[in-house]
Structure formats: C-alpha cells, structure tokens
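Enquirer: Could you work out the structure for the sequence below:
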Amino acid sequence: MFSKRRIFLRWFIIVSSFLILTLILWNTYLLFQTYKEEERDKMEIWSSAYQGINNANEETDVSFQGMVLSMNTTIPIIQTTASDSILQVTNVDEDVTKDKKAQYNLLGQLKTENEPIVIEHPSENQYLYYGNSSLVNKLKYYPLALIAILVLFGGVILSYFKASRVSAQNKLWAGMAKETAHQIGTPLSSLLGWVEIMRLDNVDEQTVTEVEKDVYRLQTIADRFSKIGSEPILTPLNIISETEKSYEYLKSRASKQITFYYQTNADEVIIPLNNVLHSWTIENLVKNAIDAIKGKGVIFINIKNTEKFIYINVIDSGKGIPKNMFRKIFEPGFSTKKRGWGLGLSLTKRIVEEYHNGVIRVVKSEIGKGTTIQIAYKKTSK
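Expert: Okay, the predicted model is just below:
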C-alpha cells in the first residue's frame with residue numbers, strides 16, 4: 001500500500017508539473033500574441049500619422065501627427081519604396097544608420113518578423129517594415145528560459161527521488177547485514193565451544209586446527225557484516241602484508257585447477273586501513289575472478305608501489321567484460337550469474353571508495369582473454 005501511494009504521488013507530481021508548464025507556456029503565447037497585435041496597431045497609427053504629414057498642406061496643423069511619430073522610441077522601423085530602396089531608418093543602432101549594408105541586412109530580418117504596412121503617398125506608395133520591441137523579444141525567449149528552469153527543477157526532483165531510493169536500499173542492506181551478523185554470532189560461540197571439546201577428546205590436532213581456522217573465518221565474515229552501515233575505524237597498516245594474508249587464505253581454499261601468481265615491488269606500505277574490510281575487498285575480487293575463469297585458469301595479483309599511489313591489480317584469464325559494462329558491474333543488483341544478488345562488487349566499490357577514499361575500476365578487459373580490475377589508494381605523506 002505504501003509503495004503504491006509513493007508511486008501515485010510521484011506520478012501526480014510529474015503530471016501536475018507538466019500541466020502547470022503547459023498552462024504557463026500557453027498563457028505566455030497568448031500574452032506574446034497580444035503584444036504583437038498591440039504593436040501592429042501602434043505601427044498602423046504611426047503610419048497614418050506619417051501619411052497625414054505627407055498629405056498636409058501649409059495651413060494644416062500636424063502637431064498631433066508629429067507627437068504620434070515622436071512617441072515611438074522602442075520599435076525599429078525601416079521605410080522603403082516599392083523597389084526596396086531605403087528612405088528612412090528609425091530606432092536602430094547608430095552603427096546601422098551609417099552603414100547601408102547593415103541597413104539592408106536589418107531590412108531582411110524585419111521582413112521575416114512582421115508583414116509590412118503600406119503608406120499611401122502622392123507620388124509612390126511607401127512600405128513600413130518594423131521589428132519587435134525589446135519587450136516582445138523577451139517574451140519570445142521567456143518560454144525557453146522557463147522550460148530550462150523546469151527541466152532543472154525536474155532534474156532536482158528526480159535526483160531527490162533517486163537519492164531517497166538509494167538511501168532506503170542502503171538502510172535495508174545495512175539492516176540485513178547487521179541482522180545476519182547477529183544471527184551468525186550465536187552458533188559461532190557454540191562452535192568455538194565444540195572446538196575445545198574436540199581438543200579435550202584428543203581429536204587429531206590438524207583436524208581441530210583446520211576447523212578452528214574456518215570458525216575464525218566465520219567470525220571474520222560476521223564482523224564484516226556488522227560493519228556495513230557504520231563508519232569503520234582505519235588504522236595505519238601494511239597493505240602489502242594484509243593483501244598477502246587474504247591471498248594466501250584464498251589460494252589454500254581454491255581449486256587446484258587454478259594457478260595463482262602474486263607479485264609486489266615493495267615489502268611495506270603503511271596506509272590507513274580497516275583490515276577486515278580490506279580482506280573482504282580482496283576476497284570479493286578474487287572470487288569474482290574465479291567465477292570469470294569458471295574454476296579453471298590463471299589469477300594474478302600484482303601490487304605496484306609508486307611515489308604517490310599504491311595499486312592492487314587483480315588479473316584473470318576469464319571470459320572478459322564488454323566495454324559498455326565496465327562501470328555497470330559495480331552497480332547494486334548487477335550480476336551475470338543466474339544465482340546471487342549482485343552485491344559483491346558494489347560492496348567492494350563502497351569499501352574502497354567511501355570507506356578508504358580509493359578508486360576501483362576496470363583497467364582492461366578483452367572478451368575471451370581476461371580482465372584487470374585495479375584498486376588505487378593514495379599514500380599518506382610522511
């Protein structure tokens with residue numbers, strides 16, 4: 001019910017905004033046409049006054065006609081003969097009045113804006129071409145400015161809805177993660193007790209040790225989930241050794257059909273790190289690589305230390321990723337597998353970029369040859 005109401009509210013706002021925009025544009029159009037008609041009437045009065053002065057004799061009082069002519073100070077005017085010879089230019093820039101070519105360019109423009117008014121003259125009829133005043137020109141472009149403002153406003157609303165949805169999803173995932181960590185905690189405590197009982201019963205020590213490793217691994221996983229949605233504590237750690245620990249664990253648990261390689265050009269690089277979340281990052285990338293090679297192939301972890309950055313490259317010999325998917329694979333819910341929620345790489349991106357201020361990206365990928373995903377962390381100044 002709540003979801004339906006939100007959808008209804010969203011569509012109500014969109015439809016209402018569209019209707020309001022339509023009404024404003026229509027009203028602006030009517031206002032524009034009204035001003036155009038009023039300016040046409042003014043120009044007809046102006047032409048009548050000019051015609052009255054042309055037809056007047058010496059005894060005729062033309063002071064009223066002269067006043068009418070002087071009242072127009074905003075509408076540009078060009079008077080011509082029937083053969084388009086320019087007789088007079090009014091209310092235009094001084095540069096135009098001095099340049100015949102500019103006058104004829106303006107005449108061509110005025111012909112497209114309004115129909116000419118014929119001024120009857122004893123010798124030859126004249127034609128009055130006029131343009132739009134500054135007010136009419138502003139009204140003409142007002143709808144475009146309004147549309148731009150409403151598009152911007154619509155973008156803000158859309159961003160708000162999107163941010164609200166993402167925030168709700170993040171809260172849901174964080175809540176699920178914390179509940180999962182809580183639910184795992186009880187059986188884990190019990191399992192640790194059973195490990196101690198196995199030792200007391202003289203069960204083979206190697207077996208107990210391996211079981212204990214996996215129990216502690218489950219504790220690590222529960223700890224990871226408990227940190228989702230919380231601000232992690234970063235401490236200065238050697239990222240080389242932390243990465244190597246995760247690599248060694250995954251290598252020992254992976255299929256023998258996978259060939260692992262590890263290379264680094266440094267032994268120690270200290271950066272602010274959360275070791276639990278960093279191990280999760282490496283694990284997600286390696287597991288993603290294992291899925292890409294379908295359990296058989298090569299996985300290569302290369303750590304490159306430079307003056308300002310530390311780069312961790314996870315390279316596989318798998319199926320590759322199309323270029324248009326380079327960014328999409330980090331989006332929540334995206335997955336090429338039939339099963340799974342598509343959260344692994346999106347969580348990895350969040351851990352790297354939001355928690356550790358790093359950058360993760362697909363550096364290179366070729367279909368049928370493999371993929372290189374790179375993490376980059378900026379080194380702290382000494």
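
Enquirer: which other helices and strands contact whichever strand or helix holds Ser189?
Expert: Here Ser189 sits within helix 134-200, counting by DSSP states H and E. Applying 3 or more CB pairs under 8 Å, 6 or more residues apart in numbering; DSSP states H and E, one finds that helix 134-200 contacts helix 2-55, helix 205-227. In this view, the C-beta of every residue, glycine as well, is placed from N, C-alpha and C.

Enquirer: can I assume Tyr102 is in contact with Val89?
Expert: One thing to correct before we go on: residue 102 is Ala, not Tyr. No - judged on CB atoms under 8 Å, Ala102 makes no contact with Val89 at a distance of 9.6 Å.

Enquirer: the more surrounded of the two?
Expert: Between Ala102 and Val89, counting by other CB atoms under 10 Å, Val89 is the more crowded of the two (19 against 15).

Enquirer: tell me the secondary structure for the more buried one?
Expert: When classified by DSSP: H, G, I helix; E, B strand; the rest coil, Val89 comes out as strand.

Enquirer: residues in contact with it?
Expert: By CB atoms under 8 Å, 6 or more residues apart in numbering, the contact list for Val89 reads Ile77, Ile78, Gln79, Val96, Thr97, Gln103, Leu106.

Enquirer: Try it again at 7 Å.
Expert: By CB atoms under 7 Å, 6 or more residues apart in numbering, the contact list for Val89 reads Ile78, Val96, Thr97, Gln103.

Enquirer: now Ile301: how far from Phe260?
Expert: 8 Å (CB to CB, to the nearest Å).

Enquirer: ok, now Ile315?
Expert: Between Ile315 and Phe260 the computed distance is 11 Å (CB to CB).

Enquirer: who has more neighbours, these two?
Expert: More crowded of Ile315 and Phe260, by other CB under 10 Å: Ile315, with 19 against 15.

Enquirer: Backbone torsions only: list them for that one.
Expert: With angles defined as degrees, to the nearest 10, Ile315 sits at phi -120, psi 130.

Enquirer: Identify the residue spatially nearest to it, adjacent ones excluded.
Expert: Ranked by CB to CB, 6 or more residues apart in numbering and with sequence neighbours excluded, the top spatial neighbour of Ile315 is Phe300, at 4.3 Å.

Enquirer: what pairs with that neighbour across the strands?
Expert: Tyr261, Ile315 (DSSP bridges).

Enquirer: So it is in contact with Thr259, correct?
Expert: No - the pair Phe300 and Thr259 does not pass the contact test of CB atoms under 7 Å, sitting 8.8 Å apart.

Enquirer: Which of those two has more residues huddled nearby?
Expert: Legend: neighbour count by other CB under 10 Å for Phe300 and Thr259, higher for Phe300 (17 against 14).

Enquirer: Would you mind getting the angle between the helix or strand of the chain with the lowest mean pLDDT and helix 2-55?
Expert: Ranking every helix and strand in the chain by mean pLDDT, DSSP states H and E puts helix 134-200 at the bottom, with a mean of 74. On the basis of axes from the mean of the first three to the mean of the last three CA atoms, to 10 degrees, helix 134-200 is oriented at 160 degrees to helix 2-55.
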